[in-house]
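Peer 1: Take this sequence and fold it.
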Amino acid sequence: MKRFSGLNRAISRATQPAALTAGPTHDRILHTAPYSTTTTTTSSSPFKSRFLWHHAIANPSSGHRTRSAAANAVAGTMMFSVAASTLAEEVHAKEVPSKNFNPKEVVLYQYEACPFCNKVKAFLDYYDIPYKVVEVNPINKKEIKWSDYKKVPILVVDGEQMVDSSEIIDKLFLRVRPGTPVDLGLEWRRWVDNHLVHVLSPNIYRSPSEALESFDYIATQGNFSFTERIMAKYAGAAAMYFVSKKLKKRHNITDERAALYEAAEKWVDALNGQKFLGGSKPNLADLAVFGVLKPIRYLKSGRDMVEHTRIGEWYSRMESEVGKSSRVMEQKLELLCCLFSHRDCIEEPEKDSGRGPERLLNVKWRVLSPDNDPKNRKGFGQRT
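Peer 2: Okay, here's the model as predicted:
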C-alpha cells in the first residue's frame, strides 16, 4: 500500500504546473519512462527452438512427462520471448574495441524505456561490450540508493561510476577508440538531446490509445510491483496524455506528427546521400539518433514516422550495424530453464562462440534427468 501511494504521489507531482517547469530529464514521470515500445522482436528462434526442443525430449519414456514438457514449453513461450528479445537482431559486422579496453564488469542501471539509457545501450551493443542491466524501480529507486546521483542511466565500469548519457559515451569512446576525436558529429548529438527527444513525448502520448500503448510496455518491462504495474499502465497513461499537451506548448509544437516528420527528414538530409552520418560506418551521432528512436520504432508514432518519411532505410541499416545486444542474459536464462524443467540445467558456450549474448546462439541445452550421473549435477547441470 505504501508503494502504491508513492506512485500516486509521483503522478500527482508530474501533472502539477511546477513539475512542468523543469527540464524533461528532471520531470519524475517523464524520466521514469518517457518513451517505449509495445513490440519486442521475438525472432530468436535459433536459440528458443533448441531450448524448447531439448526440454521436450528430456523424458520421452513417459507419456505424461512428455505432455507435461510440451505444455511447459507452450506456456513458457511468451516468457521466453521477453528474455530473449535482445538476441533477435540480425548479426552484422560490429566495431571492435581497443584491445586495451577489456573491462571485467560493466553494469547499467536503467529504465528499459528511457531514451537516454537506450543511447548508452546502442553504444555498448555496437562496440560489442558485454554489460549487465539493473532495472531501477522508478518509484523508490532502491537499486541506486548507493549513489548520490539519482537519475538514470548510471554505468559502472569495474567499480567506476559514470553518469549522464552523453558523458558516458564520451568516456567510453576514448577508451574503445583512443586517439579518435569525440567531437565528430557533436552538433547533431546536441540536436538529439536538445530537440529530437522533446518531439517524441508529445507524439507517443498524443492520444489516450497511444499513451496506453506506451505504458503497456513500461508496466510490463519496468521494475514494478503488481500493484504499481497496474497503476502505472492506466494512471500513468492518463497522466502523460495530459502532460503531453503542456509539453507541446512548452516546446512550441503545434502539430506533433508534423514536428516528428520534420525532424526525421532533417536527419536524412544531414546524411547527404551517405549510408550514415559517419560515412560508411555509424558515428556517435548515428548511434545517438538510433538509440532514442529505438524505443518508439514499433509504436504507432514510430510506424507513422517510417511510413511518411525517408528515415526507414537508415534505421534498418543501423539495426544491422548495431546487431545483437551484448547484454548479459545468463541469470534470466538459468531461471527460465529451471522454471520449465523443474530440474537443474545450464548452458555452456563453445570456446570460440564470441563475446556477450551472441554466444548463446551456439549453445545446446539438455535438462538433467534422474538417470544422469550425480557427479554431473554441478551448478545448474550440463551441456549436450
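Peer 1: drop to CA atoms for contacts and neighbour counts, all remaining ones
Peer 2: Noted.
Peer 1: Now stretch 178-189: buried residues?
Peer 2: 182, 185, 188-189 (16 or more other C-alpha atoms under 10 Å).
Peer 1: go on, stretch 153-164?
Peer 2: Counting neighbours by 16+ other C-alpha under 10 Å, the buried set in stretch 153-164 is 153-157, 162-164.
Peer 1: Determine which two of those are furthest apart.
Peer 2: Farthest apart among the buried residues of stretch 153-164 by C-alpha to C-alpha are 157 and 164. That separation is 14.1 Å.
Peer 1: Could you point out which residue ranges in the stretch 51-200 of the chain have low pLDDT?
Peer 2: Scanning the stretch 51-200 of the chain with the threshold set as pLDDT under 70 gives 51-93.
Peer 1: quick one, strands of it?
Peer 2: 106-110, 132-135, 154-157, 160-163 (DSSP state E, counting those that start in this stretch).
Peer 1: can you redo the ones you listed as a markdown table with distance to residue 301?
Peer 2: Below are those laid out as a markdown table (distance: least, C-alpha to C-alpha, whole Å):
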| stretch | distance to residue 301 |
| --- | --- |
| strand 106-110 | 23 |
| strand 132-135 | 25 |
| strand 154-157 | 28 |
| strand 160-163 | 29 |
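Peer 1: for those strands, which one sits closest to residue 307?
Peer 2: strand 106-110 (30.1 Å).
Peer 1: List the contacts of that closest one.
Peer 2: 117, 130-136, 143-144, 152-158 (C-alpha atoms under 8 Å, 6 or more residues apart in numbering).
Peer 1: hmm, back to that, among the strands of the stretch 51-200 of the chain, which comes closest to residue 320?
Peer 2: Here strand 132-135 is closest among these (C-alpha to C-alpha), at 22.1 Å.
Peer 1: Run through the neighbouring helices and strands of that closest one.
Peer 2: Helices and strands touching strand 132-135, by 3 or more C-alpha pairs under 8 Å, 6 or more residues apart in numbering; DSSP states H and E, are strand 106-110.
Peer 1: right, and the pair among the buried residues of stretch 178-189 with maximum separation?
Peer 2: 182 and 188 (12.4 Å).
Peer 1: Tell me where the model's unsure across the stretch 251-384 of the chain.
Peer 2: Ranges of the stretch 251-384 of the chain meeting pLDDT under 70: 330-384.
Peer 1: Figure out which of the strands of the stretch 51-200 of the chain is closest to residue 198.
Peer 2: strand 106-110 (19.6 Å).
Peer 1: For that closest one, list the C-alpha coordinates in CSV.
Peer 2: Written as CSV, here are the backbone C-alpha positions of strand 106-110 (Å, rounded to 0.1, in the frame of the first residue of the first chain):
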residue,chain,number,x,y,z
VAL,A,106,30.0,-3.3,-16.8
VAL,A,107,26.7,-2.7,-15.1
LEU,A,108,24.0,-0.4,-16.5
TYR,A,109,21.3,1.0,-14.1
GLN,A,110,18.4,1.9,-16.3
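Peer 1: Sheet partners, orientation included, of that strand?
Peer 2: Partner strands for strand 106-110, per DSSP bridges, with pairing direction: strand 132-135 (parallel), strand 154-157 (antiparallel).
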